[in-house]
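> no sequence on this one, just coordinates:
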């Protein structure tokens, strides 16, 4: 039995925790909402109210990390587009990770899995592998990349970085937001998506196979154009079809998951897409 702490039991962290418990692991899970503590507990997760802020970390972080061998960090940067530039340049998310580091160092945690995003790559490459130089074009991408480096460069624990493409699931799909919209950009840009179930299974395999000090890109090997994919999904779900701009884009960005498929011997469930 492996003892695991999951920082952030939200859309991905909560079902991940339940699956890891099913597999015989002991899991502590954190939330920032007192109302969710009982929900975690009912699911068999040892619940903790933990807040990580740019100016400090809540007191019970030591207990949350105590006795755990693995820490999974799954907290989004939450850098909103309406923040002014002076706010985002303060590196809020990076400071949160920096504040967390001393607590990891003095805990029993020896392995960290950091959930990141393929947004750390720019749009100027056609085929993106783990060897592609990261060149983020968004503030959240920039701060994720800096957070990755802070964790990777720390000699007190081993860190694996997992960069997910666009997240989808039964209750989360971009087509619901795009339905009925007009003049949508980049009609011929490839999609780079990953289903919640694949996210969970990949994390399971990393832990099971002990693949640490690695960087993995994770997007399904399924890359139709945005126009093809979202038009088809809207039809399947009886939604108003989105309308795309006739202007072609120069975005040809395709995220390769060949490393995950090869090193983890992982097969994506393409029926989910």
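Looks like it came in fine. The model shown is predicted, which means the values in this text are computed figures rather than measured ones.
> and residue 212, how far is that from residue 63?
24 Å (C-beta to C-beta, to the nearest Å). All C-beta spots, glycine's among them, are computed from the backbone N, C-alpha and C.
> So between the two, which is more surrounded?
residue 212 (16 against 13; other C-beta atoms under 10 Å).
> Number of residues surrounding the residue lying closest to that one once chain neighbours are set aside?
Among residues not flanking residue 212 along the chain, residue 158 sits closest, at 3.9 Å (C-beta to C-beta, 6 or more residues apart in numbering). When counting by other C-beta under 10 Å, one arrives at 19 neighbours for residue 158.
> Pull up the per-residue confidence for residue 158.
pLDDT, residue 158: 98.
> Touching, it and residue 110? I think so.
Yes - judged on C-beta atoms under 8 Å, residue 158 makes contact with residue 110 at a distance of 6.6 Å.
> Wait, a strand at residue 194?
Yes - under DSSP: H, G, I helix; E, B strand; the rest coil, residue 194 sits within a strand.
> secondary structure class for residue 76?
Taken by three-state DSSP, the conformation at residue 76 corresponds to coil.
> how far away is it from residue 189?
The gap separating residue 76 from residue 189 is 23 Å, by C-beta to C-beta.
> where do the strands sit along this protein?
With DSSP state E as the criterion, the chain has strands at 3-7, 26-31, 46-49, 52-53, 56-57, 70-73, 111-117, 127-128, 158-164, 166-168, 193-195, 215-218, 254-255.
> do you know which of these lies nearest residue 225?
Checking the strands of the chain against residue 225 by C-beta to C-beta gives strand 254-255 as the closest, at 11.2 Å.
> Tell me the neighbouring strands of that closest one, and mark each as parallel or antiparallel.
Strand 254-255 sits in its sheet next to strand 127-128 (parallel), going by DSSP bridges.
> Give me the neighbour count for residue 98.
14.
> next one: residue 149
Neighbour tally, residue 149, other C-beta under 10 Å: 15.
> Which pLDDT does the model give it?
In this model, residue 149 carries a pLDDT of 98.
> and what of residue 251?
pLDDT recorded at residue 251 is 87.
> what do you get for residue 54?
88.
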